[in-house]
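K.L.:
structure for the following, please:
(chains A, B and C)
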Amino acid sequence: MPELPDVEVYRRYFDAKALNRRIDAVHVEAPDLLSDTSPQGLGRLAHGHAFETTRRHGKYLFAGLDSGTWILMHFGMTGHLDYVEDPGDAPPHSQCLFSFGDSGALAYVATRKLGKIGTPSSPEAFVRAEDLGPDALTLDLDGFRDIAAGRRGQVKSWLMDQRSLAGIGNVYSDEILFQAGIHPRRPVGDLSGDDLARLHRSLRSVLERAIEAGADPQSMPEGFLLPEREEGGTCPRCGAQVASVSAAGRTAWFCPTCQPEHNGSG
DNA sequence: AGGACGCCCTGTTCGC
DNA sequence: TGCGAACAGGGCGTCC
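P.N.:
Numbering: from 1, shown residues only, chains lettered A, B, ... in the order given. Below you'll find the predicted structure:
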């Protein structure tokens, strides 16, 4: 789930459900997820205040309180947000629950507890402290070329490196490489200027269109590889069977025909 | 520097 | 039917 498009959809959901409502109670079910505070500390920070703004950087969501402090959410592999009218109806694995004074509650749900919740002094300070790269959606072609320069590894690893550019994970790196017709294990240094330009265009369009689709795998645009990322899946462009290789410690899915490992000129 | 692992968790699926 | 292994869309630390 939670790569850049998913987290952007969560952010909008957060805005729609949780802004400008007085927080009455904070319940933390999994204190281990709090990276820099305690359940009591989080409660003190939020109690009596309201969220007034949100931001996103890569896969991180930041919620700003009217007191000027911030709460950070990262969703790991299985996290999401769920608003319920009755706090008693919070779904299983609700690790953190913000209850509002008027009614309702926002649940941070994470089955596998691989995410984290923190209280950075600001989004900018957090990005700096974690050494995150620029948000993938804000990067123009020149910036993209800059971060590619000198890079030696495989293109998929590079796209997924949060310190290089923030927001792309396993699924969307596959999609971006597919749309650009580039094999996931191609060395970044071997990519031509045209390859890089194509990759950058794919990056933007894939992320933007995925957000438009609500980051819902069932609703992806025609021609997306995403729903075919499994054994027996077929390429939406040429119909060939998709293949998988291990890259960057994850399973990369791609079309062997549309994404040849070696470019023809070599 | 980059890559291959193992690990953090829990739930689901698949093979025997 | 039951059970263990493998695996799942993230990220960190360690070793080579």
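
K.L.:
what is the burial count for the residue of chain A found nearest DNA strand C?
P.N.:
Residue nearest to DNA strand C within chain A: A:Gly169 (2.0 Å; C-beta to the nearest atom of the strand). (Glycine included, C-beta is placed from N, CA and C.) Neighbour count of A:Gly169, defined by other C-beta atoms under 10 Å: 21.

K.L.:
ok, the helix or strand hosting A:His80 near DNA strand B or not?
P.N.:
For A:His80, the enclosing helix or strand under DSSP states H and E is strand A:79-84. No - counting by C-beta under 7 Å from any atom of the strand, no contacts exist between strand A:79-84 and DNA strand B, the nearest distance being 11.0 Å.

K.L.:
can you give the strand pairings for that strand, parallel or anti for each?
P.N.:
Sheet neighbours of strand A:79-84, with direction, are listed as strand A:105-110 (antiparallel) (DSSP bridges).

K.L.:
for A:Phe98, which three-state class applies?
P.N.:
Under DSSP: H, G, I helix; E, B strand; the rest coil, A:Phe98 falls in the strand class.

K.L.:
helix or strand next in line after the lengthiest helix in chain A, which one?
P.N.:
The single longest helix within chain A, with elements called by DSSP state H, is helix A:193-212. Sequence-wise, the next helix or strand downstream of helix A:193-212 (DSSP H and E) is strand A:243-247.

K.L.:
is that following strand up against DNA strand C anywhere?
P.N.:
No - counting by C-beta under 7 Å from any atom of the strand, DNA strand C is not contacted by strand A:243-247; separation bottoms out at 7.5 Å.

K.L.:
what does that strand contact?
P.N.:
A:154, A:156-157, A:184-185, A:251-256 (C-beta atoms under 8 Å, 6 or more residues apart in numbering).

K.L.:
which bits of chain A sit near DNA strand C?
P.N.:
Checking chain A against DNA strand C by C-beta under 7 Å from any atom of the strand, the hits are A:1-3, A:6, A:58-59, A:74, A:76-77, A:112, A:114, A:130, A:160, A:162, A:169-171, A:215, A:217, A:229, A:249-251.

K.L.:
which of these fall within strands?
P.N.:
Per DSSP state E, strands hold the following members of the residues of chain A next to DNA strand C: A:74, A:250-251.

K.L.:
lowest mean pLDDT among the helices and strands of chain A, which one is it?
P.N.:
Between all helices and strands in chain A, the lowest mean by mean pLDDT, DSSP states H and E belongs to strand A:243-247, at a mean of 93.

K.L.:
buried set for it?
P.N.:
Buried residues in strand A:243-247, counted by 16 or more other C-beta atoms under 10 Å: A:244, A:247.

K.L.:
same thing with stretch A:28-38?
P.N.:
So for stretch A:28-38, counting by 16+ other C-beta under 10 Å, buried means A:28-30, A:33-34, A:37.

K.L.:
ok, stretch A:222-238 next?
P.N.:
Using 16+ other C-beta under 10 Å as the test for burial, stretch A:222-238 gives A:224-226, A:228-229, A:233, A:235-236.

K.L.:
that one: end-to-end distance?
P.N.:
13 Å (C-alpha to C-alpha, to the nearest Å).

K.L.:
now stretch A:24-32
P.N.:
By C-alpha to C-alpha, one end of stretch A:24-32 lies 22 Å from the other end.

K.L.:
dump the C-alpha coordinates for stretch A:171-178 into CSV.
P.N.:
Taking Å, rounded to 0.1, in the frame of the first residue of the first chain, the C-alpha atoms of stretch A:171-178 are listed here in CSV:
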residue,chain,number,x,y,z
VAL,A,171,5.2,-1.4,-6.7
TYR,A,172,5.4,2.0,-8.2
SER,A,173,9.1,1.6,-9.2
ASP,A,174,8.0,-1.4,-11.2
GLU,A,175,5.2,0.7,-12.8
ILE,A,176,7.5,3.6,-13.6
LEU,A,177,10.1,1.4,-15.2
PHE,A,178,7.5,-0.5,-17.2
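
K.L.:
how about that stretch, does it get close to DNA strand B?
P.N.:
No - counting by C-beta under 7 Å from any atom of the strand, DNA strand B is not contacted by stretch A:171-178; separation bottoms out at 12.3 Å.
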